[in-house]
Each structure stands twice: as C-alpha cells, then as structure tokens.
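Undergrad: mind looking at a prediction? Sequence and model below.
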Amino acid sequence: MPGSVLERLQRLPRPVVLLLGLALIAAIAWLDAATGPKVALNVFYLLPVMLVAWATASTGYGLLAVLATFLVGPFEAFHNGFTFYSLPVALWNAGMRAAVFCIVLLLLAELRRLVARLREQSLSDELTGVANRRAFTLVAAREIERSRRYAHQLSLAYFDIDDFKAVNDRQGHAAGDRVLIALAGAARVTARSVDTVARLGGDEFVLLMPETDEYAALPLADRLREVCSQAAAVGPGRITCSVGVVTYEQPPRDVEELLASADALMYEAKAAGGDSVCHGSRRAGDAAPGAGRLLAFAPQRRA
C-alpha cells in the first residue's frame, strides 16, 4: 500500500507534490500550536520533507519543504506573542531542526542513487550490459498488451552463435566473453531506438521489435546476423549466428509463447546449417512453429 501511494505521487507534477507537502506541514504546524510547547512534534515535520524529496526525486524540492518547516518556528513564536520563546531562541530551534533535515536529505539523495543503481543492475546483463531476461519479460509483456490494445503487429528475433562451445574450447572462456560482448554491442547498434536487445542466457539473445511487420523485421534481422558475425570475429575462425524471427499478426497470449515461437524458428535456421535467418508468422494460440521459412538471402559460406 505505501509503495502504491508513492508510485502515484511520483506520477504527479513536482509542484503538485510540493503543494501537498506544504499542506501536510501546515497541518502539523496547526497541531503543534494546538498542543503547546510541552509536546514536541519536530519528528513529524520530517515526514512531508522526505515525502516531497523522494516523490519528486529532487533535493531542491526537499529543501523548499525544509524552508517551510524552518519558518514554522518563528511564526508560531510570533503568533504566541513570544510567550514561550523569544525570537532568537525560535530561530535557533528552527535552524537546528532545518540542519538535521538537510542531513537527512543528503542521506536520502544517496539512498535514491543507490536504489536507482540497484534497479538498473537488476534489469541489465552483468557481462554485456544489455537487458537481462527479467527486463525483457517486463518490456515484452508491456508490448504484447500494447499490440493487443492498438492491433499492431509484433516481431521478435531470437539469435545465438553457431557452435559457441567450440569457441570456448579453442580460445578459452575469456575469448568467449569477448565474443558475447561484441555480439551484444553490434546488436545494440543495429537495433532501432524503439527496439529492445536482451541476453536470455549463455549465447542466446533476442531483439524485440514493436509495431513491426515481416517486411521491416526481416531486413533488420539479416543485417543483425551479418553485423554480429563481423563484430564477433575472434581468432582465425569465423563466428556465425542463426536467427529465428517470428511476426505475430495478432498478439501472442504471453511472453513464453512469443519466445517459444522465435526459439523454434532459430533452431530451424541452425538445422539448415546456421548463418541464416528463418521466419514465420503466427497468430495467438498457434502451435509451436514447424514450418518456418528459411530466407534465400543467407550469405554464402567461406571455405
């Protein structure tokens, strides 16, 4: 429940969040004045300050809330005719409270950076830097929903390195890691800004292409195969990739169906000798593909 409230606040414009924080500070100040000086409510002023700083992701807006809490002390002293505190004492107390709140804001900013870094790491592949399986699943689920809502076609390219085990055996795992990094970098450069490149594990990668039919997906997939083969070259041998491309004219039921279709087409490309692209079109609920189309523009192999 608290998380959902924060998420809703984060979607609001920053000035609106600040106004809500100032309203909370005013409410606490009224309660503070009503209870008198014997009941200390200083800690409660920190809550709207932290709320504003976190929901706006801005230390600056948090400082504006701190300034509002600072003004509360002298205003209350003036309202009470300086009966309980003189103006210098009220300013000192308010200043000390504001100083503590500023320290909390600095700690909160560091915590926010740490959370953002951890969130980024949890969604990216440690070796290659592209999206990991978890991130791909989130993006793909969102794109399937968009495809269903707006009746757009959706394409996915599933590609991996032909006989990658031989690369590790001949050159070592360090060379294999360099191949994977180069492959991911080439895929990221080839992909469009709306596409998502992800590593599912091992040498298996995917390229999600939203709002893309087969006429746009196939040239992109073949360019991906060619560029990745060139970028991932290591040692005297030539690195090749097999690509399976599925285009859904109607959205798939879920992410697993989308992956299974493209994966089966990729294995068809491998069975045909590798270094090629195999495409198939699907509708929601279709059985796993068994009749993919091997593209004729697969390059000639070198001797």
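TA: The structure has been received and is ready for your questions.
Undergrad: what are the ranges of the strands in this structure?
TA: 154-161, 196-201, 204-210, 241-248, 277-282, 293-294 (DSSP state E).
Undergrad: mind putting those into CSV with distance to residue 59?
TA: Where you see a C-beta, it was placed from the backbone N, CA and C, and this is true even at glycine. Shown next, in CSV, are these (distance: least, C-beta to C-beta, whole Å):
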stretch, distance to residue 59
strand 154-161, 41
strand 196-201, 32
strand 204-210, 36
strand 241-248, 45
strand 277-282, 49
strand 293-294, 56
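Undergrad: would you format those as TSV with mean neighbour count included?
TA: Formatted as TSV, these follow (neighbours: other C-beta atoms under 10 Å):
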stretch	mean neighbour count
strand 154-161	26
strand 196-201	21
strand 204-210	24
strand 241-248	28
strand 277-282	24
strand 293-294	16
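Undergrad: tabulate those strands (TSV), appending mean pLDDT.
TA: Below are these laid out as TSV (pLDDT from 0 to 100):
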stretch	mean pLDDT
strand 154-161	91
strand 196-201	92
strand 204-210	93
strand 241-248	91
strand 277-282	87
strand 293-294	52
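Undergrad: low-scoring stretches of the stretch 1-150 of the chain, by residue?
TA: Within the stretch 1-150 of the chain, the stretches with pLDDT under 70 are 1-4, 79, 81-82, 84.
Undergrad: quick one on the thing from earlier: tell me which of the strands of the chain lies nearest to residue 139.
TA: Set against residue 139 and scored by C-beta to C-beta, the strands of the chain come closest in strand 196-201, at 5.0 Å.
Undergrad: give me the contacts around that closest one.
TA: Strand 196-201 is contacted by residues 125, 127-128, 130-133, 135-136, 139-140, 180, 184, 187-188, 191, 205-208, 259 when judged by C-beta atoms under 8 Å, 6 or more residues apart in numbering.
Undergrad: quick revisit: for residue 42, which of the strands of the chain is the nearest?
TA: strand 196-201 (47.9 Å).
Undergrad: any idea how far residue 167 lies from residue 182?
TA: According to C-beta to C-beta, to the nearest Å, residue 167 and residue 182 sit 12 Å apart.
Undergrad: mind checking which of those two has more residues around it?
TA: In this view residue 167 and residue 182 are compared by other C-beta atoms under 10 Å, and residue 167 has more residues nearby, 23 against 18.
Undergrad: from memory that one sits against residue 173, does it?
TA: No: if you go by C-beta atoms under 8 Å, residue 167 and residue 173 don't touch, sitting 9.3 Å apart.
Undergrad: residues touching residue 240, list them.
TA: The neighbourhood of residue 240, defined by C-beta under 8 Å, 6+ apart, consists of 161-162, 229, 274-275.
Undergrad: in helices, which of those residues appear?
TA: Using DSSP state H, the subset of the contacts of residue 240 located in helices is residue 229.
Undergrad: in JSON lines: the contacts of residue 240, plus distance to residue 255.
TA: As requested, those are exported to JSON lines (distance: C-beta to C-beta, whole Å):
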{"residue": "161", "distance to residue 255": "23"}
{"residue": "162", "distance to residue 255": "25"}
{"residue": "229", "distance to residue 255": "28"}
{"residue": "274", "distance to residue 255": "26"}
{"residue": "275", "distance to residue 255": "28"}
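Undergrad: what is the lowest-pLDDT residue among the contacts of residue 240?
TA: The member of the contacts of residue 240 with the lowest pLDDT is residue 229, at 72.
Undergrad: where is the longest helix in the protein?
TA: helix 87-122.
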